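**Q** structure for this input, please:
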Amino acid sequence: MGISSTTQLTMGVSHWLLASVLFLLLPVTAQQGCSVPSSNPSVPENNPPGYVVTTISVEANFTVAIDSSSPDGDYFTIQGYELQLIRSVDYEASDTVLLVTLTCKKGDVESYSLPIIVTIINLNDNSPVFKETSLTRVIPEDTKVNATVVAREDVSASDADLDTIYYKLDSMVQNTSDYFAIKGVNNPEIYLQKALNYEKFNSTTLLLYAMDNTEGTNVTIHTATATISIIIEQADTRPPWFLPCTFVDTDRSICISSTYAGRVNMSEMSTAPLTLEPGPIYAIDPDYILNEKIVYSIVGGNADNVFSVDADTGNLTMNKVASSPNSYLLQVMATQVNNKQKYSIANVEIQVINKSDHAPYFESRMYAGTVFVGLDPRSFVFQAGDSSSPLMIAALDDDFPDKANPNIEYYIRNNTNFIATKDGLILTNVMLQSPGTAVMEAVAKDTVSLQEGSTVVAVEITAAKAETSSSDKIYTAQDMGILGGILAALLLIALVFLGLMIYKQYGKTVKFLINKKFSKDFPGSYDNQAYKQDEHPDLSANGQESPTYINVTQIQQPSLLLASSSEQEINGLPQTSSASAITFDQKVEEEEEEEEEKVEEDSKHEKEVKSILKTDRNEGDPGYKAVWFKTDVDPSGENVEVINDDAADYDDDSDQDLQENEKEEEDDRDDHYRGLGMSLASGSSSVSVNMSTRDDSDA
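**A** Predicted coordinates for the structure are as follows:
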C-alpha cells in the first residue's frame, strides 16, 4: 500500500520475467517424488489467511519444503500437504502474480526444485474516485446554448479496478434539470442545453454520479458522487419596460405597457408637469441587478414642438400653447445609457379640450342607503327609509347650462364591497355576510377634464327579513326575462292548440272552398257568359223560337272526341245540326265528377246525381247521340230510360248552414249545364251553342 507506483511497476516487470522463465522450465524441472495438480494456480484478491493455493503430492521417502530463496516465499506456508497463503493479497497493492519454489528431497543425496506461479485475480472491490468531489462554477445569464460549463478533466473519475466508468447527471433544484446535461454516458463534460433566465432561478446544484458498472440484476455497482454548484450572474439581456405593464408570456420576459393619456386646455399653457393616466412616464431596467440608467426622449408625434420630456425623470411639460383642437399622439423612447440598442417606445395621447372652469360636485354631502345581507352581487342599495327606491348619487357641473355633465363617471374609492355605475346607482360588489354600517367615498370624475368631486355614502347593512311579501319583492331584469319567456311559450302552445282545433272542425270545408275557387279559375272550364244571364233556360227540342248560335272558341277536333264514338261515326256525321248542342272536354267532365264526389263526402249527405240518357238512335241522323235533362224530355215520343233525381232544384234554399250552401253550389253547377247537348261534326273546327228563350215558369 505504501509502495510507489514506479517501484510497483519495476517489481511487476521483474516478477513477470522470472515467472515466464520458470514457466518455460517447468516441463524440464519436473521430477518424480513431488508434484502439484497445476503449476499455475490462481487466487482471488482479498482472500482470508490460510487460503489453500494447491495440494502437493509427495512420494514415499520424499520431503517437501519452501525454498528460502523464493521471491514471494514469505506469502506461503505448507500445512501437511497443502500450500497455503498466510495473509490476504490485494491486486491493486501488490503484484499480480506470486512466485514460490518448492524443494523436494529424498534423504541427503537426491534433491530437486518445483516452481509454482500463483496468479492473483482482480475483483471489483473499489469505487470510482473523483479528483474533486465539490466544485463551483459561476456563469452569466446570457451563456450560449451548448457552451461547456464544466470541463471533462475537472469531473472525470478513476477506478483502481480499471473498470469502465459510467456517468449520470441530476439536479437538486426543482425545474432546473432541463438546463444542463453531460456529453455522454462515458463523457462527464457538462454543457448548457437550454437558455438561462435569471428571473426563474439564479442558482442550482448538480449531482454527478460515477459508477463502475451499469444497472442490472445481481450486479455489484460502486458509485461516487460529485457536487457542482452553479451560480448564475444576471446579464443585460432585456430592454427597458414602461410601467405599468402587462406580461404576455409565462416566462415573464416580455412586458407590454399601455398608452399614457393626458389633457391640456386649448390656448392655455401649463408650466407644471402634465398629469397622465394611468401614471407618469416611467421606465425601468428589467435586469434589476444591473439597473442601468435610462434616459427619455420624444421621437415622434410632437407637431410644432408643443411638448418636451425631461431626459432623466420622464416628466412631460409644454413648450407652447396648443392652438389646434387636434389630439397629439407622442412616441416617447426610453434608452439605456450604456447600450442604446436597449430601448423601448411608449405612446402618449394628449387631448386638447376646452377649458373647464368648474369641477363636478355633489349637492348632498352625504347619502344614506340600506341593503340586506346575503344578496347576490350587483344587487341594488336602496334609499334609507324607502325600500322601493334604489340609492342614486348625482353630481353637478357648473360648466354646463343644465349642470348635467355627460362625461361624468362614478366610482367608489375606499370600499371594494360596493360599486357605482355610470348612472350613479350604488350596487353591492360581493355577497355581504354580516350586518353593520359601511361608510365610503363616492367620486364623480369628469373623463374629459379629469376633474373630480366626492361625497360620502353611508350604507346600513341589515339582516334579511324572515319572510318577504310578494308586494315588496324586487324583480330584476333577469326575472322579467324568464317570465316573458314562459309567457311566450304558453302563448305559442295556445296558438298551436287553437289551430289544431280549427283544422279539425273546419278543415274539410276549407279544402272544399279552395277546390271550388280553383275549379272556377281553371282555364278549361269554357263558361258561356251569355248563358249565365238565364240560370234555368228551356232548351227543349220542342221550342218554337229560332235558335241563336254563338261561336265559343276554336278548338282542335281530337280533344272533343268521346270515348263511346268511333272514328267512322264521326266521319259520317252531317256538317251541321239543327239541335242545340255543345261539346265538352272529357277530361274536364271527369274532374268535375271527382270534385262532386269530394263534396258529397265532406257534407256527410250522400246524394247521387244521375243523368238521363237517351238510349235509342235517331234513325234519320246516324251517328247522332245526345244527353238531355229530365225536364226537357218527352217520354211519350221516344224510348227513354229515366233515372229519378231526388235533388232536383235547390235555387231557393236558404243560407242557414254551410252544408246546404254546398248542395246549392252543386245544383248551380247542374243548372249551368242543363239543356246543353253534345254533338260532333266531322271536319268542323267550331263549337255552336243554341240559346232558346224560355219563360221563367217553365223552369
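**Q** CA atoms of stretch 157-172 as PDB?
**A** Only the C-alpha atoms of stretch 157-172 are listed here, as PDB (Å, rounded to 0.1, in the frame of the first residue of the first chain):
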ATOM      1  CA  ALA A 157     -13.400   9.800 -12.000                       C
ATOM      2  CA  SER A 158     -10.800   7.000 -11.800                       C
ATOM      3  CA  ASP A 159     -11.200   3.400 -10.700                       C
ATOM      4  CA  ALA A 160      -8.400   1.300  -9.200                       C
ATOM      5  CA  ASP A 161     -10.100  -1.800 -10.600                       C
ATOM      6  CA  LEU A 162      -9.600  -0.300 -14.000                       C
ATOM      7  CA  ASP A 163     -13.300  -0.700 -14.700                       C
ATOM      8  CA  THR A 164     -15.200   1.300 -17.300                       C
ATOM      9  CA  ILE A 165     -16.900   4.300 -15.600                       C
ATOM     10  CA  TYR A 166     -20.500   5.400 -16.400                       C
ATOM     11  CA  TYR A 167     -21.800   8.900 -15.500                       C
ATOM     12  CA  LYS A 168     -25.200  10.300 -14.700                       C
ATOM     13  CA  LEU A 169     -26.200  13.900 -14.000                       C
ATOM     14  CA  ASP A 170     -29.100  15.100 -11.800                       C
ATOM     15  CA  SER A 171     -30.300  18.400 -10.300                       C
ATOM     16  CA  MET A 172     -31.200  19.100  -6.700                       C
END
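**Q** quick check: mean pLDDT across that stretch?
**A** Model confidence over stretch 157-172, given as mean pLDDT, is 92.
**Q** for stretch 202-209, same thing?
**A** 96.
**Q** swap in stretch 146-154?
**A** The model assigns stretch 146-154 a mean pLDDT of 95.
**Q** same check, this time on stretch 180-192
**A** Rounded mean pLDDT across stretch 180-192 is 95.
**Q** what sits up against it?
**A** With Cβ atoms under 8 Å, 6 or more residues apart in numbering as the test, stretch 180-192 has contacts from 139, 143-152, 155-157, 164-169, 171, 179, 193, 204, 206, 208, 210, 228, 230. (Each C-beta comes from the backbone N, C-alpha and C, glycine too.)
**Q** and those, which of them are in helices?
**A** Per DSSP state H, helices hold the following members of these: Arg152, Val155.
**Q** just the buried residues of the contacts of stretch 180-192.
**A** 139, 143, 149-150, 155-157, 165-167, 169, 171, 179, 204, 206, 208, 210, 228, 230 (16 or more other Cβ atoms under 10 Å).
**Q** return the set of buried residues in stretch 171-181.
**A** Residues of stretch 171-181 classed as buried: Ser171, Thr176, Tyr179, Phe180, Ala181 (neighbour count, 16+ other Cβ under 10 Å).
**Q** narrow the contacts of stretch 180-192 to those in strands?
**A** 139, 148-150, 157, 166-169, 171, 204, 206, 208, 210, 228, 230 (DSSP state E).
**Q** what's the nearest residue to Ala346 if we skip its chain neighbours?
**A** Phe242 (4.3 Å; Cβ to Cβ, 6 or more residues apart in numbering).
**Q** OK, contacts around that neighbour?
**A** By Cβ under 8 Å, 6+ apart, the neighbours of Phe242 are Ser257, Ile281, Tyr282, Ala283, Ala334, Ser344, Ala346.
**Q** wait, which of the residues you listed is closest to Leu98?
**A** Closest approach to Leu98 among the contacts of Phe242 (Cβ to Cβ): Ser344, at 79.5 Å.
**Q** for the helix or strand where the closest one lies, buried residues please.
**A** Per DSSP states H and E, Ser344 falls inside strand 343-353. Under the neighbour-count criterion of 16+ other Cβ under 10 Å, strand 343-353 has Tyr343, Ser344, Ala346, Asn347, Val348, Glu349, Ile350, Gln351, Val352, Ile353 buried.
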